[in-house]
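[1] Would you be able to build a 3D model of this:
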Amino acid sequence: MTTVTTAVAELTCEPAEQSGYELGRYTVREEERVLRGRRVNDEAILVDFPVGSDGRIYLVERGVEQDGYAALQALVLDYIDTAQALGRIPMASDAPPHQPERGA
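    Prediction:
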């Protein structure tokens, strides 16, 4: 069973422990994960972190500031929906390759 909690925060909030701005949360396979927006070398990125200290950190997207905040919110919600549908971390190597929709 996959539990998904979505919490989209304003990017003006204070960063949590210098790890970025929390944009969403989800739980898969009894592991709670958090999506954070961070700035690295003047580039905004979206990163998938484990809650706590154990687990792998995944880069989800780079250059997320280019399309605006609404696009970032849509990306976060889509990522969490994908995690729920797959029942696992979308960026993990055991995730199946993306299959384009027919007719696209």
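
[2] Might you list the low-confidence residue ranges for this protein?
    For the chain, applying pLDDT under 70 flags the ranges 1-18, 95-104.

[3] let's see 50
    1-15, 104 (pLDDT under 50).

[4] quick one, what contacts the residue nearest the centre of it?
    With distances taken as C-alpha atoms, centre = their mean, Leu35 lies nearest the centre of the chain, 3.8 Å away. Taking C-beta atoms under 8 Å, 6 or more residues apart in numbering, we find Leu35 in contact with 22-26, 46-49, 60, 76, 79-80. Every residue, glycine included, has its C-beta placed from N, CA and C.

[5] where do the helices sit along this structure?
    For the chain, applying DSSP state H gives helices covering 69-86.

[6] can you tell me which strand in it is longest?
    strand 31-40 (DSSP state E).

[7] Tell me where the chain has strands.
    Assigned strands in the chain, in chain order: 3-5, 21-28, 31-40, 43-50, 58-62 (criterion: DSSP E).

[8] and the gap between Ile80 and Asp42?
    Here the criterion is C-beta to C-beta, to the nearest Å. By it, Ile80 lies 27 Å from Asp42.

[9] between the two, which one's more packed in?
    Ile80 (24 against 6; other C-beta atoms under 10 Å).

[10] Does that one touch Leu23 like I think?
    No: counting by C-beta atoms under 8 Å, Ile80 stays clear of Leu23, with 9.6 Å between them.

[11] Can you tell me how far Glu61 is from Asp81?
    Glu61 sits 15 Å away from Asp81, going by C-beta to C-beta.
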